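Enquirer: Give the three-dimensional model of this entry:
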Amino acid sequence: MKTLIYFFLISSIVFLGCSKNDDELNSDLYNKSLNTELNAKGAPETKDFSVSHYFTGGYWTPLICDGVEVGYLEGTLNVHCVMFGHYNPDYPGDLNHFVWQWMVMNYSGSLTNQATGEIFTIKESDKWYYGTYSYTWHSNIRGNQGSHYIIFGSGLFVYPYTFTIDKVICPSSD
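Expert: Numbering: from 1, shown residues only. Predicted structure coming up:
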C-alpha cells in the first residue's frame, strides 16, 4: 500500500510539473535551433542511405546454348542484397518516405544440372534500377566437369515483367 501511495504522489508531481506550455516552448526552441543549424550548414535536399541484408533462397534456371536447352540448374544460394536510396530531410528515418534508387543483389553457391548431375558454382550480380523499373544481371557458372557458362540478361520488374537473356557464352564458344 505504501508503494502505491508513493507511485500516485510521484505521478501527480510529474503530471503537475509538466504543462503544455513547457512542451510548446521546448518544441519551438528545438525547431528554431534546428532551422538555424540547417540553414547554417546549407543542408542537402536528401540524405543518402544504403541497407544491406543477407538471406538464402531457391534458384533455378534452364541452361540454353544456341537455342537448345542443355540442362536445368537448381539449388539454394546465398544472397547479399544492398539497397541504395535516400530520405527526404523532412521525414528522417521514416520508411514511408524512403526513396529507393537502385539495388544490387549478389548470389553465390552451388547448383546441380538436373540433366547431367554436374555440380556448378555460381556467382551472379543483379542490378535493379527503381527509376526505370528495370534490371540487368550477369552470371558466371563453372561446373566440376569443365563446363563454363557466362550469361548476361535484362528485364523489367513491372508489367509486362520481361526477362531477356541478352548473351550466353557456352563451353564451345570459350
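
Enquirer: which SS state does V99 fall under?
Expert: strand (DSSP: H, G, I helix; E, B strand; the rest coil).

Enquirer: I'd like the distance between it and D48.
Expert: Noted for V99: a distance of 10 Å to D48, by Cβ to Cβ, to the nearest Å. Where C-beta positions appear, they are placed from N, C-alpha and C, glycine not excepted.

Enquirer: Need the overlap of contacts for the two.
Expert: 85-86 (Cβ atoms under 8 Å, 6 or more residues apart in numbering).

Enquirer: Skip the chain neighbours and tell me the closest residue to V51.
Expert: Residue nearest to V51 in three dimensions, not counting chain neighbours: M83, with 4.6 Å by Cβ to Cβ, 6 or more residues apart in numbering.

Enquirer: burial of that neighbour, as a residue count?
Expert: 18 (other Cβ atoms under 10 Å).

Enquirer: Mind listing the strands the helix or strand harbouring it pairs with, and their directions?
Expert: Using DSSP states H and E, the element containing M83 is strand 68-87. Strand 68-87 has these partner strands in its sheet, going by DSSP bridges: strand 47-65 (antiparallel), strand 98-113 (antiparallel).

Enquirer: With only the CA atoms kept, save it in PDB.
Expert: Taking C-alpha atoms only, strand 68-87 is exported to PDB below (Å, rounded to 0.1, in the frame of the first residue of the first chain):
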ATOM      1  CA  VAL A  68      18.900 -25.600 -77.300                       C
ATOM      2  CA  GLU A  69      18.300 -26.400 -73.600                       C
ATOM      3  CA  VAL A  70      21.400 -28.300 -72.400                       C
ATOM      4  CA  GLY A  71      20.300 -28.500 -68.700                       C
ATOM      5  CA  TYR A  72      18.300 -27.200 -65.900                       C
ATOM      6  CA  LEU A  73      20.200 -25.800 -62.900                       C
ATOM      7  CA  GLU A  74      18.700 -25.900 -59.400                       C
ATOM      8  CA  GLY A  75      19.900 -25.200 -55.900                       C
ATOM      9  CA  THR A  76      19.900 -22.900 -52.900                       C
ATOM     10  CA  LEU A  77      22.100 -19.900 -53.000                       C
ATOM     11  CA  ASN A  78      23.400 -17.300 -50.500                       C
ATOM     12  CA  VAL A  79      22.200 -13.800 -51.400                       C
ATOM     13  CA  HIS A  80      23.600 -10.400 -50.300                       C
ATOM     14  CA  CYS A  81      21.300  -7.600 -51.100                       C
ATOM     15  CA  VAL A  82      22.200  -3.900 -50.800                       C
ATOM     16  CA  MET A  83      19.500  -1.300 -51.400                       C
ATOM     17  CA  PHE A  84      20.500   2.300 -52.100                       C
ATOM     18  CA  GLY A  85      18.200   5.300 -51.700                       C
ATOM     19  CA  HIS A  86      17.600   8.500 -49.800                       C
ATOM     20  CA  TYR A  87      15.200  10.100 -47.200                       C
END
